[in-house]
Each structure stands twice: as structure tokens, then as C-alpha cells.
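Engineer: pasting a predicted model and its sequence here:
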Amino acid sequence: MKNGSFAKTGSGHTQGNLRKPLVSCADGVPIAAAALQFPIAHPCIATVIPGMRSPQEVEENVENMNREIPIDVWRLFKEADLLDKRAPTPLEHEHARI
């Protein structure tokens, strides 16, 4: 994001324009779950510390961290240029360790 607006992707669409349809067709995966899980796929990241304001948000974050996100969802984000194609994603990272 640059100056409060979304960056252009290689296809000329803005990430903001792509986000809504992708989120709605991403197998029902909440974007919050993907946002919490994505950073921990990188080998240099040991933990994610989200901000929370209520006990309900703590419970939601625990659910989102434990939610299984199909590998196809991560591929969808990459194909739409929402993630760099080289970025490690949680399931790809798990498969690489097996």
C-alpha cells in the first residue's frame, strides 16, 4: 500500500479491486486467518503478535491461527498478484519440511 491506496498489480488491476472477489471465493477463508498465518511461513519469522482489544478478539485470533487454509487459496492470492510468487506460504512451508 502506498499513500493510503493499493499498489497496481502486473495486470493493471489494483489490489484493492481484486481483494473483495478473492476473499469471497477463497473457500470461505476469512482474510484475517490468512493475514495471521502468512507471516509465520517465512523461515525468519518465529512468532506473530496481533493486537487485540477484547477477549472475543483473542478467541477469534486463536480460531484464525488454527484454521486450515487450503493451498489453493495461497495460489489464488499469488496468481492475483496479492502475494509475490516467491513468497513462502504456510502449506508450502509445511510441505517443504516433510
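Structural biologist: Now that the structure is in, tell me what you want to look at. Numbers count the residues shown, from 1 in each chain.
Engineer: can you map out the strands along the chain?
Structural biologist: Here the chain has no strands by DSSP state E.
Engineer: where in it is pLDDT low?
Structural biologist: Along the chain, the model assigns pLDDT under 70 to residues 1-27, 92-98.
Engineer: and with 50 instead?
Structural biologist: 1-9, 13-14, 95-98 (pLDDT under 50).
Engineer: could you pull out the helices for it?
Structural biologist: Ranges of helices within the chain are 15-25, 31-37, 55-66, 71-79, 90-97, based on DSSP state H.
Engineer: the longest one: which residues count as buried?
Structural biologist: By neighbour count, and taking 16 or more other Cβ atoms under 10 Å as the criterion, the buried residues in helix 55-66 are 60, 61, 64. Placement of C-beta: from N, CA and C, glycine included.
Engineer: contacts for it next, please.
Structural biologist: Contacts of helix 55-66 with the rest of the structure, by Cβ atoms under 8 Å, 6 or more residues apart in numbering, involve 30, 32, 33, 36, 37, 48, 50, 52.
Engineer: I'd say the fourth one and residue 48 touch.
Structural biologist: This means residue 36. Yes - with contact defined as Cβ atoms under 8 Å, residue 36 reaches residue 48; the gap is 5.9 Å.
Engineer: so between the two, which is more surrounded?
Structural biologist: Neighbour totals were compared for residue 36 and residue 48, and residue 36 leads with 22 against 13 (other Cβ atoms under 10 Å).
Engineer: who's in contact with the more buried one?
Structural biologist: With contact taken as Cβ under 8 Å, 6+ apart, residue 36 is in contact with 48, 50, 61, 64, 65.
Engineer: would TSV of those residues with distance to residue 83 be doable?
Structural biologist: Below are these laid out as TSV (distance: Cβ to Cβ, whole Å):
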residue	distance to residue 83
48	16
50	19
61	21
64	18
65	18
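Engineer: closest to residue 85 out of these?
Structural biologist: For those, the minimum distance to residue 85 (Cβ to Cβ) is 22.3 Å, reached by residue 48.
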